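J.: Pasting the sequence and the predicted coordinates here, then a few questions.
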Amino acid sequence: MQFRQQALAKLQSPEELDLPVRLARPQGWLALGVTVVVMAAASVWAVTGSVASTVAAQAVLTHGQGSYLLQSPVAGQVTAVLAEQGERLPAGAPVLKVRTGQGDTVVRTVAAGRITALAATIGQIVQTGANVASVEKIAHASDPLYATVYVPAENAAAIPAHAPVDLTVSSVPAQRYGVLRGHVKSVDRAAQSPQSIAAFLGDSQLGEQFTRRGRPVAVLVSLDKSASARSGYRWSSAEGPPYRLDSMTLASGSIKLADQRPVDWLLP
């Protein structure tokens, strides 16, 4: 009661009526000004700015023409293996000799390339159409490497031409040598099936691996070259690894998508 009476007496005092009313403290005006400036800057950025985003996906290093699975045209027993893994052969070169009821048949390469895998051994029984070897299409040892990145189909339309790509190569320690640099060369607009990937890479297991989460789109990436690097390509580190890269090496790629206007995704 005592405090209430004192408060009422203070309000009823005539000398209190002529005091100015303080609407806000200086600190309040400062906070309001900062808020207005931030909101104005955000509005300008939403209209004129852009948001950079990337898509990450599995990739593999290959030569531009890919590979193919060499199949036996006949059923029979393998009596000789006439090529070695890693050997580069011209078109029509002998790879295997298969004995059938009608005599011996030689299985030959369809196109010039390098034997990346041999699936047949001496004494093995093969059926007609069986995969006996994987051949990478390469005419010259100096043919450049490319990277094929298998991105989700829903992201393919947002990949611009010549978009920068960072590749983390499985055989290269990224903590020491960084990532491999490249740019998008082409985007295949058709989704890839396990069979089409296996036909291009010459590896049915990779066809299954790259399609576990749906049919992806193949993005061909041209690797940036560097005359000073031992690998022949440009890396995020100064020189990259002190050795050359092999084809059919797995990697993971990060592709920069087309810039998006913030207002497009801020508004419902």
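T.: All right, it came through fine.
J.: How about residues contacting stretch 121-134?
T.: For stretch 121-134, the external contacting residues (Cβ atoms under 8 Å, 6 or more residues apart in numbering) are 67-81, 83, 95-96, 98, 107, 115-120, 202-204. Bear in mind the C-beta positions are built from the backbone N, C-alpha and C, glycine included.
J.: try it again with 10 Å
T.: Contact with stretch 121-134 is made by 67-81, 83, 85, 95-98, 100, 107, 109, 113-120, 198, 201-204, 248, as judged by Cβ atoms under 10 Å, 6 or more residues apart in numbering.
J.: With just CA atoms, put stretch 58-78 into PDB.
T.: Output in PDB follows, covering the C-alpha atoms of stretch 58-78 (Å, rounded to 0.1, in the frame of the first residue of the first chain):
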ATOM      1  CA  GLN A  58      30.200 -41.200 -58.900                       C
ATOM      2  CA  ALA A  59      32.600 -41.000 -61.800                       C
ATOM      3  CA  VAL A  60      35.200 -43.000 -63.700                       C
ATOM      4  CA  LEU A  61      38.300 -42.000 -65.700                       C
ATOM      5  CA  THR A  62      38.200 -43.300 -69.300                       C
ATOM      6  CA  HIS A  63      39.300 -42.600 -72.800                       C
ATOM      7  CA  GLY A  64      36.800 -40.700 -74.800                       C
ATOM      8  CA  GLN A  65      35.400 -43.700 -76.800                       C
ATOM      9  CA  GLY A  66      34.900 -45.900 -73.800                       C
ATOM     10  CA  SER A  67      35.300 -49.700 -73.800                       C
ATOM     11  CA  TYR A  68      33.500 -52.700 -75.100                       C
ATOM     12  CA  LEU A  69      32.900 -56.300 -73.900                       C
ATOM     13  CA  LEU A  70      34.500 -58.800 -76.200                       C
ATOM     14  CA  GLN A  71      32.200 -61.900 -76.500                       C
ATOM     15  CA  SER A  72      32.800 -65.400 -77.800                       C
ATOM     16  CA  PRO A  73      31.100 -66.000 -81.100                       C
ATOM     17  CA  VAL A  74      31.000 -69.800 -80.400                       C
ATOM     18  CA  ALA A  75      30.600 -72.300 -77.600                       C
ATOM     19  CA  GLY A  76      33.600 -74.500 -76.700                       C
ATOM     20  CA  GLN A  77      36.700 -74.800 -74.600                       C
ATOM     21  CA  VAL A  78      39.400 -72.200 -74.400                       C
END
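J.: tell me the mean pLDDT for that stretch?
T.: For stretch 58-78, mean pLDDT rounds to 90.
J.: can you pull the buried residues of that stretch?
T.: 58-63, 65-70, 72, 74, 76, 78 (16 or more other Cβ atoms under 10 Å).
J.: out of these, who's nearest Leu89?
T.: Leu70 (10.4 Å; Cβ to Cβ).
J.: For that closest one, name its beta-bridge partners.
T.: With DSSP bridges as the criterion, Leu70 is bridged to Ala133.
J.: In contact with it, which residues are there?
T.: Counting by Cβ under 10 Å, 6+ apart, the residues that Leu70 touches are 83, 95-96, 107-111, 113, 115, 117-120, 130-135, 202.
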